[in-house]
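Peer 1: when you get a sec, could you give me coordinates for this:
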Amino acid sequence: TARGGLEVGAAGVGGTISSGGNVIFAGITTVGTALSLPDNVRAKFGTGGDLSIYHNGSNSFIDDQGTGALQVLSNEFYVANAANTQTMLRGDEGAGVKLYFAGSEKIKTHNTGIRVTGIATVTSTIYVNLNGSSIAENNLNFRSAGKAYIDHGTTGQDIDFRMSHGSAL
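Peer 2: Numbers count the residues shown, from 1 in each chain. Coordinates of the predicted model:
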């Protein structure tokens, strides 16, 4: 029984267990089978404990309170559902990033922009290029060399498709 603490090893090597239950080891510590922490107990990293990982009983957190960015470094990065049966996000070095819905790829980045699979709902204007071309309110406007419009309008139950080079009809 050690009531005042316990020291293991030589000075600067080994570790100490204080009477308050704090354990400090110098060097590399290897945990054999598992490390188990109860809910709301944080595994802290960094001199000031700026980075912590914990579970609060309902949700799990990686909490970075440091001055720099939280960086995830990997050649490949996946986020999947808890059962690991559906990919939600995937990033591959040199091959872009993919976003999934219910395991089905919907958005993919590539060297010239993005590709969308399925319906893309736009609630405002899409700018086609820097010269003022846009897609908005059922109009595709090309303004880089004069004005050209492709649009459609409804009259009663009819849909009119119109093309013009001067202004919208």
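
Peer 1: from here on, contacts and neighbour counts on C-alpha atoms
Peer 2: Noted.

Peer 1: so what's the residue nearest to Thr87 when sequence neighbours are not counted up against?
Peer 2: Leaving aside its sequence neighbours, Thr87 sits nearest to Ala80 (C-alpha to C-alpha, 6 or more residues apart in numbering; 4.3 Å). By C-alpha atoms under 8 Å, 6 or more residues apart in numbering, the contact list for Ala80 reads 86-89.

Peer 1: and Lys106, what element?
Peer 2: Element membership of Lys106 [criterion: DSSP states H and E] is strand 104-110.

Peer 1: that strand pairs with which strands?
Peer 2: strand 96-101 (antiparallel), strand 113-116 (antiparallel) (DSSP bridges).

Peer 1: out of these, which is the most enclosed?
Peer 2: Compared across the strands paired with strand 104-110, strand 96-101 shows the largest average neighbour count, a mean of 17 (mean count of other C-alpha atoms under 10 Å).

Peer 1: what average pLDDT does that one get?
Peer 2: Average pLDDT, strand 96-101: 95.
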